[in-house]
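> coords please:
(one chain, ligands or ions: 1)
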Amino acid sequence: MQRIVIAIDGYSGCGKSSTAKAVAKMLDYTYIDSGAMYRAATLHFQNNHVMLSNQKEVDKNLENLQITFHVNPDNGNQETFLNGINVEDEIRSMKISQYVSEVSKIKEVRAALVAQQQHLGRKKGVVMDGRDISTVVFPEAELKIFMSADLKIRAERRQKELLEKGDVVALDKIVENLAERDETDSTRKESPLIKAEDAVELNTSYLGFEEQVNQIVELAKKRIGIDDNEYGSNH
Ligand code: DC
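Below you'll find the model as predicted:
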């Protein structure tokens, strides 16, 4: 059966990662969280006290940056490793969220991570989410989705996620961080967040999680060229 690339782009906090993960599970595809790679790179730079304006330091630190994903056998979740160390929780903290847009603006950082993302997706059968997946990483992706949702709704969802991890953050602070990241991500010179011309737009403000996942899976099945009954038995 033909395997495709599903590229999901969109604003921070509109549920791209959890949606992409669920879509990948339903299709038995590999899920790749490109945002986690920018977050891991940010943590790496923070750990090594890299001055972002110092090109040499940035290049040197990119050389010894290794990001991998491994499934946790205890809960089945895919977790992010930075140079062999599990950093899944650390990269989701506000400390990283506040700094990640600055790191992801850097051309050399993007070139290094885009090359890794293209390598990870070379065999297709992947769902990758981020900001430039439809436009830069996989401009030939068979299915492109552009997700959006109202800022306040996104902030409330993010607050709940953080709270579930024991991180109590005021809503205002999250709104401010998301708005700032929207602005930086959409206006930066290198690979800004824009909707690809051939992307399907999905506003998830008032969509239930299952509904948004199903909509993408249905579109994917159409692109793969199969109907429901066929997929269940053949994949
Ligand atoms: O999806 P996320 O919020 O975890 O992403 C974190 C940051 O990484 C986001 O603010 C912008 C950056 N990013 C990017 O520039 N390009 C991508 N493909 C994915 C994320």
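> rest of the way, CA atoms for contacts and neighbours
Noted.
> residues from the protein in reach of the ligand?
For the chain, the residues in contact with the ligand (C-alpha under 6 Å from any ligand atom) are 12, 34-36, 38-39, 100-101, 104, 130-133, 181, 185.
> Out of the residues you listed, which end up buried?
With burial judged by 16 or more other C-alpha atoms under 10 Å, the buried subset of the residues of the chain next to the ligand is 12, 34-36, 38-39, 100-101, 104, 130-133, 181, 185.
> Which ones among these lie within helices?
Ser34, Gly35, Ala36, Tyr38, Arg39, Val100, Ser101, Arg181, Asp185 (DSSP state H).
> Surely the fourth one touches Ser104?
So the one you mean is Tyr38. Yes: contact status for Tyr38 versus Ser104: in contact at 6.2 Å, counting by C-alpha atoms under 8 Å.
> Return the distance of stretch 123-134 from the chain's centre.
Relative to the chain's own centre, stretch 123-134 is displaced by 8 Å; criterion: C-alpha atoms, centre = their mean, to the nearest Å.
> ok, now stretch 93-110?
13 Å.
> got it, and stretch 153-160?
Per C-alpha atoms, centre = their mean, the centroid offset for stretch 153-160 relative to its chain is 17 Å.
> low pLDDT regions in the chain?
Within the chain, the segments meeting pLDDT under 70 span 227-235.
> how many other residues sit next to Cys14?
For Cys14, the neighbour count with other C-alpha atoms under 10 Å is 23.
> That one belongs to a strand?
No: Cys14 is assigned coil when assessed by DSSP: H, G, I helix; E, B strand; the rest coil, not a strand.
> Isn't it up against Glu156?
No: at 10.3 Å, Cys14 does not count as touching Glu156 under the criterion of C-alpha under 8 Å.
> ok, Asn83 to Leu193 distance?
28 Å (C-alpha to C-alpha, to the nearest Å).
> So for those two, which sits in the more crowded spot?
Higher neighbour count among Asn83 and Leu193: Leu193, with 23 against 14, using other C-alpha under 10 Å.
> show me the residues around that one that make contact.
Asp9, Gly10, Tyr11, Arg131, Asp132, Asp185, Ser186, Thr187 (C-alpha atoms under 8 Å, 6 or more residues apart in numbering).
> So what does it look like in phi/psi?
With angles defined as degrees, to the nearest 10, Leu193 sits at phi -70, psi 110.
> for Lys95, same thing?
Dihedral pair for Lys95: phi -60, psi -40, per degrees, to the nearest 10.
> how far away is it from Val169?
From Lys95 to Val169 the distance is 12 Å (C-alpha to C-alpha).
> Same question for Leu151.
Going from Leu151 to Val169 by C-alpha to C-alpha gives 16 Å.
> And for Gln78?
From Gln78 to Val169 the distance is 25 Å (C-alpha to C-alpha).
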